[in-house]
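Q: Any chance you could fold what I've pasted below:
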Amino acid sequence: MSSAQSKSQVLTPLDDGQLRSSTPVLVPFMAPRLQGDCRPEGRIELSLWGAGKLVNLTFTGWSAPFTYAPNRVEAHGGGLYVAQSAPALFLKGAKLRTFIPARRCAWWGTTAKREPIERQEGRRIARTGWGVAIAEQRPDGIFVTAGATIGEALAALELDQTKLVAEANAYVTRCDAMPEAPALMRSMISQSLHAAFSSIRQDEHGDFAGLAAGQAYSAPARTYYRDGYWTLQALLDREPDAVRAQIDLLARGVQDNGEAPSGVILTGRGQAEEWEKVRVTDPRIKEEHLRPGDWWSDHFDSPLFFILTIGDYINATGDSSPLSLYWDKVVAIFNRYCSFDETGTGLPIKPRHDRDWADNVYRHGYVAYDLGLWIGALDVIAKHGAALDKAFASKAAAVAQKARASLDEALLQPGGTYADYGTKADFVEDHVTLDSLTLLRFKAVSPERAKGVLAKVQEILESRNNGEQPYGDWGVLCAYPPFKRPKDTREKSYFAYRYHNGSDWPYLSGLYAEQRLAYGLDGADYPLLRWWETCLEEGWMGAVEYFSPPWGRGSLLQGWSSMPAAAALAYKDRLPDAIR
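A: Residues are numbered from 1 along each chain as shown. So this is what the prediction gives:
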């Protein structure tokens, strides 16, 4: 456990892995179809995957104390229970006050005329042009369903109420994957793993519809290459079929030349029509989203994540069929990145644009993060591709060897860390970053070098050890010092300690903890738990996207913020006794 306990907690972890508060906090929820925000004092904003926002509902709230678990709130007088098998939830002990349909599926959608609520005894039906929601007042609470069609919403209404509550309770148990751990660790695992499980989405027919990046990423509904990759680390052993289906969805976005967008759009009909209107008319969106199925075209890291996802799936399951099926795409990606190798070093040079995970930064030249992914992708081809094309696999192995041999000359700094990006002939951003740990994860550097890098990360990026940053002990910075050239940053990352410029991103903290554990080093407890302590201190329910003291937080219930749970569960036998 970390030493930072000075700030009182809004949320208190309980021995059973749940959380408790004396005041209501915002609770995001997400199931295969249904998602939204619940305010226990009496308000729910309800959305549907692939459709968008459907309705705002108010009800008689519950009284403290409030006890929170994944997709469940229990309180004096009732609680929230979210189903898994249908788009339905139950508000126990609540009486319906208002039920107001949304006028737009998303902030960018066309404002529609609000249809009058249809009333059938204790039932209210809200219809929009993109989906339907139903609220039925029952003696012991409100039963709420949604659907892309009235048929889907009515079918969900047939779910037995007792079964719905049982499903909600069973889901809480499923997320409780380290019940023997102390309260802080147990609650982190539960909520962090919830972010991964709940990312698995379905369409109205019950078919797989992508790994959502998070609860805030349903408009338009889309699945990302990078977010999905870090999210599925917790799913490889638990939901391999979802990982296999994710590969098929991502394959849609890989072009014949090896390019791929940031994400693949997966909207239903109504939302798709609205999004397409925006995509072809808004000047900026039209420029960034070149094809109807693309979410932000041509991202430098996405094709590499496609190969890495296939490799991880094969390693976890032994099933190499995705590599055979998409071999032509893998070859195209390899050839594309070889064309970026302008110096014959085996290292592709990234053009100056903001299209990798650091999408508020114009990184260019040799980018440590991308080079780690590249070397990892080469190893997948070399290891698993020989059965398909032995000569090609050997070529990939030779490029990987050359890239590893060239890496230190390109980016190694006198202090023993790897620069973020640049070239010695132009400009080098030499600050320390967490995303450069892809070099360690994919074995691009020697174990000795890796341990040296991790020592520097501990010294510089763990806020408790960095007296130069002014905010005390609050988490692990993703980068420090701040970017040297303001012109290389934009929007949120323009400001020191904000977004890519120094926030704590739990997915990267999880990557950092994973590497400490993988290399047999102590100190993983801090990156595993300090971000979660901050969530409890602030009353942020669920795995947060990013945060920093001067700038606040990003989204809640973020899929790739399951990485701390994935790391802890993968290296459970190496965790300190105090936290396991």
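
Q: Would you enumerate the residues in contact with the residue lying closest to Leu57 once chain neighbours are set aside?
A: Leaving aside its chain neighbours, Leu57 sits nearest to Ile44 (4.6 Å; criterion: C-beta to C-beta, 6 or more residues apart in numbering). Where C-beta positions appear, they are placed from N, C-alpha and C, glycine not excepted. Each residue near Ile44 by C-beta atoms under 8 Å, 6 or more residues apart in numbering is listed here: Gly36, Asp37, Cys38, Asn56, Leu57, Thr58, Phe59, Leu91, Val144.

Q: Low-confidence ranges, the chain, go.
A: For the chain, applying pLDDT under 70 flags the ranges 1-6.

Q: Output the longest helix belonging to it.
A: In the chain, assigned by DSSP state H, the helix with the most residues is helix 390-411.

Q: any idea how far Ala568 is from the residue in the chain sticking out farthest from the centre?
A: No residue in the chain sits farther from the centre than Glu121, which is 41.6 Å out by C-alpha atoms, centre = their mean. Distance, Glu121 to Ala568, by C-beta to C-beta, to the nearest Å: 50 Å.

Q: Likewise for Leu511?
A: 12 Å.

Q: ok, those two, which is more surrounded?
A: Using other C-beta atoms under 10 Å as the criterion, Leu511 and Ala568 rank with Ala568 on top: 30 against 24.

Q: chain center to stretch 105-117, what's the gap?
A: Counting by C-alpha atoms, centre = their mean, to the nearest Å, stretch 105-117 is centred 28 Å from the centre of its parent chain.

Q: Start and end of stretch 140-157, how far apart?
A: Chord length of stretch 140-157, first to last residue, is 15 Å (C-alpha to C-alpha, to the nearest Å).

Q: Any buried residues in it, and which?
A: For stretch 140-157, the neighbour count (16 or more other C-beta atoms under 10 Å) marks 141-148, 152-153, 155-157 as buried.

Q: Where do the helices of the stretch 451-580 of the chain begin and end?
A: For the stretch 451-580 of the chain, applying DSSP state H, counting those that start in this stretch gives helices covering 506-518, 525-538, 563-570.

Q: Out of these, which is closest to Ala316?
A: Ranking the helices of the stretch 451-580 of the chain by proximity to Ala316 (C-beta to C-beta) places helix 563-570 first, at 11.1 Å.

Q: list the helices and strands that closest one packs on?
A: Applying 3 or more C-beta pairs under 8 Å, 6 or more residues apart in numbering; DSSP states H and E, we find helix 563-570 packed against helix 183-197, helix 506-518, helix 525-538.

Q: Take the ones you listed and write them to TSV, including distance to Leu235.
A: Output for the helices and strands packed on helix 563-570, formatted as TSV (distance: least, C-beta to C-beta, whole Å):
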stretch	distance to Leu235
helix 183-197	6
helix 506-518	14
helix 525-538	19
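
Q: Give me the neighbour count for Ala219.
A: Residues near Ala219, counting by other C-beta under 10 Å: 21.

Q: let me fix that: Ala578
A: 10.

Q: Likewise for Val278?
A: For Val278, the tally of surrounding residues (other C-beta under 10 Å) stands at 16.

Q: quick one, what contacts it?
A: By C-beta under 8 Å, 6+ apart, Val278 lies in contact with Trp108, Gly109, Ile285.

Q: Could you give me the buried positions within the helix or strand it falls within?
A: Counting by DSSP states H and E, the element that carries Val278 is helix 269-281. Going by neighbour count (16+ other C-beta under 10 Å), the buried part of helix 269-281 is Gly270, Gln271, Ala272, Glu274, Trp275, Val278, Arg279.

Q: I'd assumed Thr267 was in contact with the fifth one.
A: Yes: counting by C-beta atoms under 8 Å, Trp275 does reach Thr267; the two are 5.9 Å apart.

Q: Which of the contacts of Val278 has the largest number of neighbours?
A: Most neighbours among the contacts of Val278, by other C-beta under 10 Å: Gly109, with 24 neighbours.

Q: Now do the spatially closest residue to that one that is not a sequence neighbour against Asp294, distance only.
A: Closest residue to Gly109 apart from its sequence neighbours, by C-beta to C-beta, 6+ apart: Glu274 at 4.5 Å. As judged by C-beta to C-beta, Glu274 and Asp294 stand 16 Å apart.

Q: same check, this time on Gln255
A: From Gln255 over to Asp294 the distance is 9 Å, taken as C-beta to C-beta.

Q: The two: who's more crowded?
A: Taking other C-beta under 10 Å, Gln255 and Asp294 do not tie; Asp294 has more neighbours (23 against 18).

Q: Setting the sequence-adjacent residues aside, check what's closest to the more buried one.
A: Leaving aside its sequence neighbours, Asp294 sits nearest to Pro261 (C-beta to C-beta, 6+ apart; 3.9 Å).

Q: That neighbour is in what secondary structure piece?
A: Assigned by DSSP H and E, Pro261 belongs to no helix or strand.

Q: Tell me which residues touch it, please.
A: Gly253, His289, Arg291, Gly293, Asp294, Trp295, Trp296, Ser297, Asp298, His299, Ser302 are the contacts of Pro261 under C-beta under 8 Å, 6+ apart.

Q: Kindly report the same for Arg352.
A: Going by C-beta under 8 Å, 6+ apart, Arg352 touches Tyr362, Arg363, His364.

Q: count of residues packed around the second one?
A: If I follow you right, that is Arg363. Neighbours of Arg363 under the rule other C-beta under 10 Å: 29.

Q: start the count at 49, not 1, going forward
A: All set: I'll call the first residue 49, so the last point we hit is now Arg411.

Q: can I assume it is in contact with Arg403?
A: No: look at Arg411 against Arg403 with C-beta under 8 Å: they stay out of range, at 9.3 Å.

Q: before we move on, back to that, what separation is there between the residue nearest to Leu105 and Ser70?
A: Distance of Ile92 to Ser70, computed by C-beta to C-beta: 21 Å.

Q: Output the helices of the stretch 499-628 of the chain as a markdown table; include the columns distance to Gly464.
A: Shown next, in a markdown table, are those (distance: least, C-beta to C-beta, whole Å):
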| stretch | distance to Gly464 |
| --- | --- |
| helix 554-566 | 15 |
| helix 573-586 | 19 |
| helix 611-618 | 23 |
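
Q: between these, which gets nearest to Ala425?
A: Shortest distance between Ala425 and these, using C-beta to C-beta, is found for helix 554-566: 16.9 Å.

Q: helices or strands next to the closest one in the packing?
A: helix 273-279, helix 486-489, helix 495-508, helix 573-586, helix 611-618.

Q: So what angle separates the directions of it and helix 495-508?
A: Calculated by axes from the mean of the first three to the mean of the last three C-alpha atoms, to 10 degrees, helix 554-566 forms an angle of 130 degrees with helix 495-508.

Q: Extract the CA atoms of helix 554-566 and return them as CSV.
A: Coordinates of each C-alpha in helix 554-566 appear next as CSV, following Å, rounded to 0.1, in the frame of the first residue of the first chain:
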residue,chain,number,x,y,z
PRO,A,554,-4.1,4.3,-15.0
TYR,A,555,-3.5,2.2,-18.1
LEU,A,556,0.1,3.5,-18.3
SER,A,557,0.5,3.1,-14.5
GLY,A,558,-0.7,-0.5,-15.0
LEU,A,559,1.9,-0.9,-17.8
TYR,A,560,4.5,0.4,-15.5
ALA,A,561,3.5,-1.8,-12.6
GLU,A,562,3.4,-4.8,-15.0
GLN,A,563,7.0,-4.1,-16.0
ARG,A,564,8.3,-3.8,-12.4
LEU,A,565,6.6,-7.2,-11.7
ALA,A,566,7.9,-8.8,-15.0
